[in-house]
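**Student:** Generate coordinates for the sequence data below:
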Amino acid sequence: MPFIIDLRDDIKKYLQKHGLSRKWEKAKKLFEKDPSHPSLNTELLEPKHRLIYSFRIDKKYRALFIYLPEGKVEILAVTKHYRK
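**Tutor:** I've put the predicted structure just below:
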């Protein structure tokens, strides 16, 4: 199972500022247990050769991440997700 490494301070502050800390913890646990869980809507982003993925924190926010060696995952950013 994947393991999300500690978040950078700027990402922690972003989560706190937008009231996402509890939702983040829930999504993190779910991702670490089953990265392909349907409610996370995990996907490989375009362009695919960059190997950047995302999963849903809630309907409005997503976590962008990359896979590291040894099953580790690094969160690159938490962003708003717009659907048209």
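**Student:** partner residues bridging residue 72?
**Tutor:** The partner list for residue 72 in beta bridges (DSSP bridges) reads residue 3.
**Student:** Pull out the buried positions in the longest helix seen in the chain.
**Tutor:** Longest helix of the chain, by residue count under DSSP state H: helix 21-33. For helix 21-33, the neighbour count (16 or more other CB atoms under 10 Å) marks 23, 24, 27, 28, 31 as buried. No exception for glycine: its C-beta is placed from N, CA and C like everyone else's.
**Student:** cool, stretch 38-52 as well?
**Tutor:** 40, 42, 52.
**Student:** same thing with stretch 60-73?
**Tutor:** 61, 62, 63, 64, 65, 73.
**Student:** Can you tell me which of the residues you listed is nearest residue 9?
**Tutor:** In terms of CB to CB, no member of the buried residues of stretch 60-73 lies closer to residue 9 than residue 63, at 15.8 Å.
**Student:** Output the below-cut-off pLDDT ranges for the chain.
**Tutor:** For the chain, the stretches with pLDDT under 70 are 82-84.
**Student:** Go ahead and flag the most central residue of it.
**Tutor:** Nearest to the geometric centre of the chain sits residue 63, at 2.9 Å (CA atoms, centre = their mean).
**Student:** Give me the contacts around the helix or strand hosting it.
**Tutor:** Using DSSP states H and E, residue 63 sits in strand 61-67. The contact list for strand 61-67 (CB atoms under 8 Å, 6 or more residues apart in numbering) reads 2, 4, 18, 20, 23-24, 27, 45, 51-57, 73-81.
**Student:** Could you rerun that using 7 Å?
**Tutor:** 20, 51-57, 73-81 (CB atoms under 7 Å, 6 or more residues apart in numbering).
**Student:** Against residue 58, how distant is residue 68?
**Tutor:** According to CB to CB, to the nearest Å, residue 68 and residue 58 sit 25 Å apart.
**Student:** now residue 49
**Tutor:** From residue 49 across to residue 58, the span is 29 Å (CB to CB).
**Student:** still on that earlier bit, and the next element down the chain from the longest helix of the chain?
**Tutor:** Next in sequence after helix 21-33, counting helices and strands by DSSP H and E, comes strand 43-44.
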